[in-house]
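Enquirer: pasting the sequence and the predicted coordinates here, then a few questions.
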Amino acid sequence: MIECKDLSFQYFQGQHQVLHKFNFVFQDHQNYMIEGAHGSGKSTLLKLLSSEKFHYIDGKVQGDVLHFLAQNQIFYFHSEESNYFVYDLVFDEFYYTLRCLGYPLANIENQTRLILSYFQIEHWIYRSVSNMSRGERQYLKLILGISTKQYRLMCLDEPLLHLDPTHQVFILQYLEQIQRMHGTYFIVVDHENALWKSYFHFQNLALTSIIDYQPWFILDNPSIEPFEPLYISYKQAPLARIQNHSLDLIGGQNILLLGANGTGKTTLCKFMMGMLPTSIQIPISKNMLLDDAPSMFLYKNLQKEWKDSNLKHPYPNIQANTLSVGQNKIEMFQRLLAKNPQLLILDEIYEGLDPTYINFVRENLAMYMASGGCVIQTSTQVREGEAYDQVLEL
Amino acid sequence: MENYQSRFTPLLPRLLFCMCLMIFTYTMLNLWTHVFTLFLLWFYEKFALQKDAYRTPYLSQITSMYPLFLFLFLFYAVFLQTGRISLFTLQISNWTWDVYAESVIYAVHYILLFVETFWVTYLLFHERKMETVQTFFYGNLFSLTLLWNGSIQQWKNILSCKTRFDQALVARGAHLKRFPYILTFFEYALENTLKQTYHQIPTLMRMWKNKDFYTSGWVQKIVWVVPVLFIGTSFLKNEILVDQYLEIQTMIVLIGIAMFYVIVNEQYEEMSPLRIWTWSDRVICFVWGSWLVVQIFKIDDVMGFRELKFFNLSLWSYFPWISVGLFLCTILFFYQRRP
């Protein structure tokens, strides 16, 4: 299907090669799961596999990627793609896609309804994409890609990242169905390995990390100013369905905001942070890790990000845009932690992190809470091994 | 397609289009035009734009830009010594500086121009109905895609980039003073807008190659006339330095409007079902059209235009005619019914 011969790749602004002399043959009729630590080049390899002309990547390629199937038979999806829609309405997006694929005009609406009803979102047909949550946008974008055309190969990079468990199951069931009916095979990068393996048989491909970035900041007896318990009411929040809720902010507590995609978890966090015009003012110092962590970097250079602290960054010359999504998230997490805020809001912190990084986050959070800091996390599911003092179900 | 029809509110894109045309009128008219334009923009934001808790009202945003307006006022009213009627004289020891009445009027005019331009951009940014209009072009119209993305779409990108930047600052608990804020935002916006543009390249490449989806050669050729006309005219008149800034600014807006018209005409029609021409639409178009025509024919330059003094005229004399042309085309376009 695809053969990699002595494939090496280096980002233009990177210091090291992400892939070095990589050789592998991806066989027909076989699913592959690419595994490896953060920064080992999983996403980069998937991009190289999915495009003959390497449109997606700004770096230097050496060696060969030989495709033995037509380019239009390969589908590529990355969770970041969910930010790019041509239209604002769901129907318009389907209309455009199906029209390009040559569907007759008269059939388009029925076909769109059919697809949406399969994924249990028929009521979304006239929804505006700009009013959707990140998880909802990703679900829609994935459906648009996988359900409108038949492919022989799908290269999927963290396709389930922001999806709630129900949506994850719908997607996996559909993929299982098209594999059975159309003989579509998958090359997948995802940290939720177990879930995928319960649906498909995979051959594993392990990549080793060449970039030497590792989480480095250890919270050591932080001086967090204690604060009196605060009662937070959401009466002024912009979403009607969350206006009846309230929270008690108490130092040292771990609070979970639990809910499916589109239930208002992120909105609630932004409301508490004072990012919305109708926000409340909480009289304690607070930081928030946004679910789109790379957008929080103000500078390209990591040392510059830390310039207002006394710490010397161990990787001062690494550019933020050469780090992987997981590394970006952990780097920003450390940056926020080092500021010793009284309240730390973490939007889907564990999504897309491997077990090593998850343990690193947990250890630091335990230390942070023991020192009197309050943590609010959002998630679509309760994670094993995590203890919460309050759970607010949305 | 019954449900699909009902979601259209034909009033909105039309109002937006009329607002764009306003820009042409206030480049040549008096204070009352500004007042009328500002009123329409306010009306649109208040009653037509979707009520959204995530949106900060424009007026509360624009007031924070007072240093820019102060700079503009000083620049036009004091530094550029335009005019004859001396309003007052600044005197510091032996140094004196005359401030002319025309300069002050010019400065006020420019400040209002900025306020209105930003307001239109703000409305474009928050106007979701606009997104139902195709913002990409296919096949032969590929170069227009680049133009669109370089003008109005780019404004939207920059505004959304600024929203992300402000959110990042709040999320990190960072406070930047005005000057470091501008510098940091510049660096951030450069990186992020480039990244965004780079992500669009595969999509644009795919569209470029896709020759079989709603293509038309003549529209592309016609639209290129617009910038050529304006650049050519400014050179012919030999008044480049005087009018340059305003011309470029207006040209960008003009290209944006031309793009909008082309999109609507070429693709929106194909993508949308039958429209219903409501009575309110007719009333608005009649009132607005009559007002525009009356204003245009009150201007001296237009009288000169009718006497065929083509090259001796001020550049602004072309705007009303183009405005009227675009306006009539739009009305005719919207009035047609598909079979």
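Expert: Ah, there it is.
Enquirer: could you give me the buried positions within the helix or strand hosting A:Tyr174?
Expert: A:Tyr174 belongs to helix A:165-182 when elements are defined using DSSP states H and E. Neighbour counts using 16 or more other Cβ atoms under 10 Å in any protein chain shown place A:His167, A:Gln168, A:Phe170, A:Ile171, A:Leu172, A:Tyr174, A:Leu175, A:Ile178, A:Gln179 of helix A:165-182 among the buried residues. Heads up, the C-betas are built off the backbone N, CA and C, glycines and all.
Enquirer: so for that helix, mean pLDDT?
Expert: If you average the pLDDT over helix A:165-182, you get 94.
Enquirer: cool, stretch A:140-155 as well?
Expert: For stretch A:140-155, the per-residue pLDDT averages 92.
Enquirer: list, one by one, the residues from the stretch 251-394 of chain A near chain B.
Expert: With Cβ under 8 Å from any Cβ of the partner chain as the criterion, the stretch 251-394 of chain A meets chain B at residues A:270, A:273-278, A:285-290, A:292, A:295-300, A:321, A:335-336, A:339, A:341.
Enquirer: of those, which belong to strands?
Expert: Taking DSSP state E, the ones among those that sit in strands are A:Lys286, A:Asn287, A:Met288, A:Leu289.
Enquirer: isn't B:Ser160 up against B:His126?
Expert: No - the pair B:Ser160 and B:His126 does not pass the contact test of Cβ atoms under 8 Å, sitting 10.6 Å apart.
Enquirer: quick check: which element contains residue 107?
Expert: Answering for chain A, as no chain was given. Per DSSP H and E: helix A:105-118 holds A:Asn107.
Enquirer: wrong chain, I was asking about chain B
Expert: helix B:101-126.
Enquirer: could you check whether that helix is close to chain A?
Expert: No - residues of helix B:101-126 are not located near chain A by Cβ under 8 Å from any Cβ, the shortest gap being 9.5 Å.
Enquirer: give the buried residues for that helix.
Expert: Under 16+ other Cβ under 10 Å, the buried positions of helix B:101-126 are B:103-113, B:115-126.
Enquirer: same deal with stretch A:361-369?
Expert: Buried residues in stretch A:361-369 (16+ other Cβ under 10 Å): A:Val361, A:Asn364, A:Leu365, A:Met367, A:Tyr368, A:Met369.
Enquirer: distance from the chain centre to it, please.
Expert: Centroid separation for stretch A:361-369 versus its chain: 22 Å, with Cα atoms, centre = their mean, to the nearest Å.
Enquirer: mind exporting it as PDB, just the C-alpha atoms?
Expert: Provided in PDB are the C-alpha atoms of stretch A:361-369 (Å, rounded to 0.1, in the frame of the first residue of the first chain):
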ATOM      1  CA  VAL A 361       0.300  16.100  35.800                       C
ATOM      2  CA  ARG A 362      -1.300  14.100  38.600                       C
ATOM      3  CA  GLU A 363       1.800  14.300  40.800                       C
ATOM      4  CA  ASN A 364       2.100  18.100  40.400                       C
ATOM      5  CA  LEU A 365      -1.600  18.600  41.000                       C
ATOM      6  CA  ALA A 366      -1.500  16.600  44.200                       C
ATOM      7  CA  MET A 367       1.400  18.900  45.400                       C
ATOM      8  CA  TYR A 368      -0.500  22.000  44.300                       C
ATOM      9  CA  MET A 369      -3.700  21.000  46.100                       C
END
